[in-house]
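Asks: Structure, please.
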Amino acid sequence: LNENGQEYFEQISLHCQRFSDLIPVTFVLGFYVSIIITRWWGQYKVIPWPDSCCLFISTCLQGHDDRGRLMRRTIARYLILALIQCLRMTSVQVKKRFPTLGHLCDAGIITESEQKVIESIDQKCIQHPKYWMSLVWAGAVVTRAKKEGRIKDDFAFNTIINEINKFRSGCGGLLDYDWISIPLVYTQVVTLAVYTFFISSLMGRQYLNPAKNLPGHEVDLIVPVFTFLQFFFYMGWLKVAEALINPFGEDDDDFETNWLIDRNIQVAYLIVDDMHAEHPELVKDQYWDEGIPDELPYTVASEQFRSEAFIGSAMEVELSPEEQEIVILERIDEEDEGEADGDAEGGLELNDIEIGENLLPTDPVTIQNGTRRNSFRSSNATMRESIQSKLHDRSRRNSDRSLMGMLQRLLHRSSTNVSSKAHRKSTKRRTRRLPKNLSRASNQSSANVSPPTMSKIPTKENETVKMSSNSSVNTLHTESEFPGRSNSDGNALMVVRELLKDDLTQYQGSINPADCETKEGSKDSTRSFKTWKKDLRSKSEAFVHTKMLKKKLEKVQ
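Replies: This is a model prediction of the structure:
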């Protein structure tokens, strides 16, 4: 070439070299080969082997007579027939060996009657594979053996049937791989990418004049060694993928399916017939007296591979006596913590009140028309006694910070507060004395109430559980009434709330707060001044108790 031709050739070479690097041949080819290898190994793993099924047949299908032997050999033969029928549709080697059913009959795989049955079914339904027909026959033989008592239990029967189903799944997997292949377009794209890459490299890898200092052409080599190596690697990679894309072909690297058939039929008959219920004589082994051998002997050639047993990398770690001491954590009392939380939240705390013999909690007493309601006092005392017994049992199981513990302290402290306030008002009036009926109610309630515990009220359903029509609680759904509480805690809250509502209703139904502020001139003319003074004093004390009941009810709600 003249000078202009040389310059033009150099420009074409540089142009081809620049754009050949843009072809993603490594990614496309590597991904393609990865799919091929995975598919190739998956087809080998899905090939069904009759060994496990024949082992279960020989073990579970009993009988040394001709009938039992015939059943075992027939089941094994049906397994091999299913495999051959499947390989005849996928492997060229097997198809050339057994092109028709007549060849299978001549080989002894099927009988003439079985051949006629298969051909008759082919005439009815010829568009679908029927490799599974012999497996259906095998299942029927197993069922017959179970009815004849040759298979002792249902577990052995189910095991054999499951193994036959696994064998069928393997045959179906082979047909799936043959049916769904790698898309032809992807193979064409990979092949085109490899060939165009080397065509462009043929022009782009030319060695140009080193005197011109062109990039990448500083050395003038006559033979492009590394280009040849790259060609060998990429083309070899592509040819390997093309050889493995169909392992059931006629190449040298394909699966030996004919050998597979011969091996399976020999092993199957050996397991179910010759080795059925046979084993060597039972003798004592070499280590009978020793029990457990230390290790098996080594040869001179394998002595260099002797090694110690692995015991773990942390077994050699040692600790000093000081480091082995147990650290005892500081214990925090839950009761003290709960009381501290209550003080921080500003809750009702009456621990500072000193209760003496004269300061005892009293039951609420309703005064109506100057008489005492004995029914209310007796029912209230019964409810308080059941509260004490029930919560005393629950306090043994629950901690002090539980809901029942808090309700227990709340009722005790509130009752103490009410009693202390009522007592303080009565002591201020040194010259006045409580009515006899109120003092007797106080003594009776102090005998029935025990401060430490309280309990659920075991009364009738219409007294404590059912609510009135205008009540905010009509059901026992504790999750909606007290969210976040358990069923037992929610029921306890509802019962305590009912008790407080009942007390409050009794007081509000008989007391008018305005009566406590009535002046002396507005008293009834039909009553004496002394009787009116006693009623007014009792109503004042009951009004204080009513206000405390309202506070407790708000806190419980």
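Asks: And the helix or strand Tyr177 falls within, what's buried?
Replies: In this assignment (DSSP states H and E), Tyr177 forms part of helix 154-179. Neighbour counts over helix 154-179 (16 or more other Cβ atoms under 10 Å) mark 156-157, 159-161, 163-164, 167-168, 170-171, 173-174, 177 as buried. No exception for glycine: its C-beta is placed from N, CA and C like everyone else's.
Asks: With stretch 301-312 instead?
Replies: Taking 16+ other Cβ under 10 Å as the criterion, stretch 301-312 shows none as buried.
Asks: quick one: contacts of that stretch?
Replies: Under the contact criterion Cβ atoms under 8 Å, 6 or more residues apart in numbering, stretch 301-312 has outside partners Tyr298.
Asks: average pLDDT for it?
Replies: Taken as a whole, stretch 301-312 has an average pLDDT of 89.
Asks: What's the end-to-end length of that stretch?
Replies: 28 Å (Cα to Cα, to the nearest Å).
Asks: In the protein, mark out all the strands, start to finish.
Replies: Counting by DSSP state E, the chain has strands at residues 367-368, 371-372.
Asks: Give me the local confidence score for the residue nearest to Arg18 when sequence neighbours are not counted.
Replies: If you skip the residues right next to it in sequence, Arg18 has Gly204 as its closest partner in space, 7.5 Å away by Cβ to Cβ, 6 or more residues apart in numbering. In this model, Gly204 is scored at 73, pLDDT.
Asks: Next one: Gly204 from Leu29, what distance?
Replies: Gly204 sits 19 Å away from Leu29, going by Cβ to Cβ, to the nearest Å.
Asks: Same question for Arg263.
Replies: 36 Å.
Asks: Would you mind telling me which of these two has more residues around it?
Replies: Comparing Arg263 with Leu29 by neighbour count (other Cβ atoms under 10 Å), the higher total belongs to Leu29, at 21 against 13.
Asks: unless I'm mixing things up, that one is touching Val190, no?
Replies: Yes - Leu29 is in contact with Val190 according to Cβ atoms under 8 Å; the separation is 5.8 Å.
Asks: what's the overlap in contacts for those two?
Replies: Shared contacts of Leu29 and Val190 (Cβ under 8 Å, 6+ apart): Leu238.
Asks: How many residues are close by the spatially closest residue to Leu87 that is not a sequence neighbour?
Replies: Beyond its immediate neighbours in the sequence, the residue positioned closest to Leu87 (Cβ to Cβ, 6+ apart) is Val94, lying 4.1 Å away. By other Cβ under 10 Å, 21 other residues sit near Val94.
Asks: For Val94, give me its contacts.
Replies: Contacts for Val94 (Cβ under 8 Å, 6+ apart) come out as Ile84, Leu87, Arg88, Thr257, Asn258, Ile261.
Asks: same thing with Arg205?
Replies: Arg205 makes contacts with Gln17, Pro224, Thr227, as judged by Cβ under 8 Å, 6+ apart.
Asks: rerun at 6 Å
Replies: Contact analysis of Arg205 by Cβ atoms under 6 Å, 6 or more residues apart in numbering lists Pro224, Thr227.
Asks: Any figure for the gap between it and Val225?
Replies: 10 Å.
Asks: State the phi and psi torsions of Glu330.
Replies: Phi and psi for Glu330, reported as degrees, to the nearest 10, are phi -70, psi 130.
Asks: For it, report the pLDDT, please.
Replies: Residue-level pLDDT assigned to Glu330 equals 74.
Asks: quick thing: my sequence starts at 205, can you match it?
Replies: Let's use 205 as the start, then, which means that last one is Glu534.
Asks: Pull the contacting residues for it.
Replies: Applying Cβ under 6 Å, 6+ apart, no residues contact Glu534.
Asks: From Gln528, how far out is it?
Replies: Glu534 is 21 Å from Gln528, by Cβ to Cβ.
Asks: do Pro484 as well
Replies: Pro484 sits at a distance of 55 Å from Gln528 (criterion: Cβ to Cβ).
Asks: between these two, who's got more neighbours?
Replies: Neighbours per residue, other Cβ under 10 Å: of Pro484 and Gln528, the larger number sits with Gln528, 8 against 5.
Asks: Can you read off the pLDDT for the more buried one?
Replies: 89.
Asks: Please narrow the contacts of Val298 to those residing in helices.
Replies: Among the contacts of Val298, the members falling in helices (DSSP state H) are Ile288, Leu291, Arg292, Thr461, Asn462, Ile465.
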